[in-house]
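In: I need the structure of the sequence given here:
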Amino acid sequence: MTSTVRRAGRGEPVVLLHPLALSGAVWGEFATRLVAAGFDVVAPDARGHGAEPAPWDGAPFSIADLADDVATLLDDLGVDRAHVVGMSMGGSIAVELAARHPGRVDRLVLADTTAWYGPNAPAAWTERAARAVGVPRRRQIPFQTDRWFTDEFVRTAHDEVRRVAAVFTATDSLAHAAACRALGALDARERLASITAPTLVLTGEEDLATPPSMGRALADGIPGSRFELLPALRHMSLVERPALAAVVAAHLRGAAAPDLSDVDCGCAAHAEEVVV
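Out: Modelled structure (predicted):
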């Protein structure tokens, strides 16, 4: 049920799972840096997402369904195992994938994400779903950018903010709403203990959507995982600071991670999209 799949590079395969209401195009310079680091980067669009989504009948789906879509994609690509990097909704999908299909996930990175949005999640996400279809997409941009990026980044990285906003506006509103409802129903907390992939959890210090407490809960629940708080970042940390690809690449290789203070701002004002 995945649609467009962007793929570039050679080496160990890494699947990048994108946030809500965006697509594999969002990864930009972060994906480019992973390619340069020697990975085979695969960036699919989730069910119903992307400028040219695969046929979708509008039926409800769950985050577990999206995880199964990724497993099917790996079959289609002839990939037995892959590293998986998921951000926001993509991180929730990655949690389900690693729990449901442990043999398919080598190493795991979960950025700005959660396994559960809390007891009020169904009601809150039902409201989000209604706004997804009831408010013109361009009018949703200020709310989104405030959550995605720090104020300074919005002020200074105009080209990159516009690029990501364009990915958002191209997303089908009905798919956005369906994914909202799926996130509202998500509760993968009991499955965290079954995840065997070595896991790195990253959360922006200023993340308003999945605050650091949610990242720490993931790390507490996944055996042997590591949590890193990312200073001065919000919900789309890997897009705002693509230089974090160095931290991610080190984890995927099982190497010592560079000190976060040594990771430059990596402003992605001229980000390039990974293409097939």
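
In: with adjacent residues omitted, what lies nearest to the spatially most central residue of the chain?
Out: To find the centre residue of the chain, average its C-alpha atoms and take the closest one (Cα atoms, centre = their mean): that gives Met87, at 2.2 Å. Counting by Cβ to Cβ, 6 or more residues apart in numbering, Met87 lies nearest to Ala111, which is 4.3 Å off, once chain neighbours are set aside. To be clear about C-beta, it is placed using only N, CA and C from the backbone, and glycine gets the same treatment.

In: what is the neighbour count of Thr114?
Out: Applying other Cβ atoms under 10 Å, we find 26 other residues in the vicinity of Thr114.

In: contacts only, for it.
Out: Residues touching Thr114, when contacts are defined by Cβ atoms under 8 Å, 6 or more residues apart in numbering, comprise Gly91, Ser92, Leu186, Thr210, Met214, Gly215, Ala217, Leu218.

In: switch the cut-off to 6 Å
Out: Each residue near Thr114 by Cβ atoms under 6 Å, 6 or more residues apart in numbering is listed here: Thr210, Met214.

In: roughly how far does it sit from Thr199?
Out: Using Cβ to Cβ, to the nearest Å, one obtains 14 Å as the distance from Thr114 to Thr199.

In: what helix or strand is Arg7 on?
Out: Assessed by DSSP states H and E, Arg7 sits inside strand 5-8.

In: what's whichever helix or strand comes after that strand in contact with?
Out: Proceeding N to C from strand 5-8, the next assigned helix or strand is strand 12-17, under DSSP H and E. Taking Cβ under 6 Å, 6+ apart as the criterion, the residues outside strand 12-17 that touch it are 27, 34, 39-43, 79, 82-86, 90, 93-94.

In: so after strand 12-17, what's the next helix or strand?
Out: helix 28-36.

In: ok, whichever helix or strand comes after that following helix: who's next to it in the sheet?
Out: Scanning forward in sequence from helix 28-36 by DSSP H and E, the next helix or strand is strand 39-44. Its sheet considered, strand 39-44 pairs with strand 5-8 (antiparallel), strand 12-17 (parallel) by DSSP bridges.

In: what angle do strand 39-44 and helix 28-36 make?
Out: 140 degrees (axes from the mean of the first three to the mean of the last three Cα atoms, to 10 degrees).

In: which residue ranges of the stretch 101-250 of the chain form helices?
Out: Chain-ordered helices for the stretch 101-250 of the chain, with DSSP state H, counting those that start in this stretch as the definition, fall at 121-134, 137-148, 151-156, 158-169, 173-185, 212-221, 237-240, 245-253.

In: among these, which comes closest to Asp57?
Out: Across the helices of the stretch 101-250 of the chain, Asp57 has its closest neighbour in helix 173-185 (10.7 Å, Cβ to Cβ).

In: deepest of the helices of the stretch 101-250 of the chain, which one?
Out: Scoring these by mean neighbour count under mean count of other Cβ atoms under 10 Å gives helix 237-240 as the most buried, with a mean of 29.

In: quick check: mean pLDDT of that helix?
Out: Predicted confidence along helix 237-240 averages 98 (mean pLDDT).

In: swap in stretch 175-184?
Out: In this model, stretch 175-184 has an average pLDDT of 98.

In: for the spatially closest residue to Glu206 that is not a sequence neighbour, list the residues it contacts.
Out: Nearest non-adjacent residue to Glu206, counting by Cβ to Cβ, 6+ apart: Arg234, 4.8 Å away. Contacts here follow Cβ under 6 Å, 6+ apart; on that basis Arg234 touches Phe149, Thr150, Gly204, Glu206, Asp207.

In: go again with 10 Å.
Out: 112, 145-151, 153-154, 203-210, 240 (Cβ atoms under 10 Å, 6 or more residues apart in numbering).

In: any idea how far it is from Arg155?
Out: Where Arg155 is concerned, Arg234 sits at a distance of 14 Å (Cβ to Cβ).

In: still on that earlier bit, so which of the strands paired with strand 39-44 comes closest to Arg162?
Out: Counting by Cβ to Cβ, and looking across all of those, nearest comes strand 5-8 at 19.7 Å.
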